[in-house]
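**Q** Below is the sequence, then the predicted model.
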Amino acid sequence: MKQKSNTLTKAEFDVMSTLWDINHSATVHDILEHFAEPKPAYTTVATYMKLLLEKGYVNYFKVKGEGKTKIYQAKVTRTEYTRQAMAGVKKDFFGGSLRSLLNFFVKEENLSDEEIADLLSTINNEQASVSIEEEKTL
């Protein structure tokens, strides 16, 4: 039996991204309201919500007296998903090497000197933050 992938397809990501943008519980109708024209069909979004539920990205609840309406909540934040997806890219495409991943993007994106300087500044600031946190725990 084929094991289901836990990675989101482009369409699933679009629906999940809309739910993250709403930033609270939402029905399929709520999610549809946030899509640009041409909007997908209600049944299409409902199918994607079912898939997201099966993959463990959302859960739902029903409100008593509201009939069959399901109200969905994200179980995974955008940051958590991005971290998971990027870890997969790093592992699958770059043998787990962050250096190889960064080298690839620096070369492929033709970064300007200013963009490279900005990246280096970010790295240096993060290293400084880690050093400060380590000193606090000593």
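**A** Great, that's in hand.
**Q** from here on, contacts and neighbour counts on C-alpha atoms
**A** OK.
**Q** Looks to me like residue 7 is in a strand.
**A** No - with DSSP: H, G, I helix; E, B strand; the rest coil as the criterion, residue 7 is located in coil rather than a strand.
**Q** how near is it to residue 61?
**A** 24 Å (CA to CA, to the nearest Å).
**Q** For this protein, just list every one of the strands.
**A** 58-62, 70-74 (DSSP state E).
**Q** Quick check: which of the ones you listed is nearest to residue 22?
**A** Of all the strands of the chain, strand 70-74 sits nearest to residue 22, with 10.1 Å by CA to CA.
**Q** quick one on the thing from earlier: could you dump the strands of the chain into CSV and include mean neighbour count, distance to residue 41 and mean pLDDT?
**A** Converted to CSV, the strands of the chain look like this (neighbours: other CA atoms under 10 Å; distance: least, CA to CA, whole Å; pLDDT from 0 to 100):
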stretch, mean neighbour count, distance to residue 41, mean pLDDT
strand 58-62, 16, 20, 94
strand 70-74, 19, 17, 96
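**Q** Now distance to residue 115 too, for these, in a markdown table please.
**A** Shown next, in a markdown table, are these (distance: least, CA to CA, whole Å):
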| stretch | distance to residue 115 |
| --- | --- |
| strand 58-62 | 36 |
| strand 70-74 | 34 |
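**Q** Could you measure from residue 92 over to residue 98?
**A** Look at residue 92 and residue 98: by CA to CA, they are 12 Å apart.
**Q** give the contact list for the residue lying closest to residue 98 once chain neighbours are set aside.
**A** Nearest non-adjacent residue to residue 98, counting by CA to CA, 6 or more residues apart in numbering: residue 90, 6.6 Å away. If a contact means CA atoms under 8 Å, 6 or more residues apart in numbering, then residue 90 has 96-98, 101 as its contacts.
**Q** Look at residue 131 and report its pLDDT.
**A** Note on residue 131: pLDDT of 62.
**Q** With the one 5 residues further on instead?
**A** For residue 136, the model assigns a pLDDT of 66.
**Q** swap in residue 4?
**A** Residue 4 carries a pLDDT value of 53.
**Q** Could you do residue 91 as well?
**A** Note for residue 91: predicted pLDDT of 96.
**Q** how much space between it and residue 76?
**A** 21 Å.
**Q** Sweet, I'm off.
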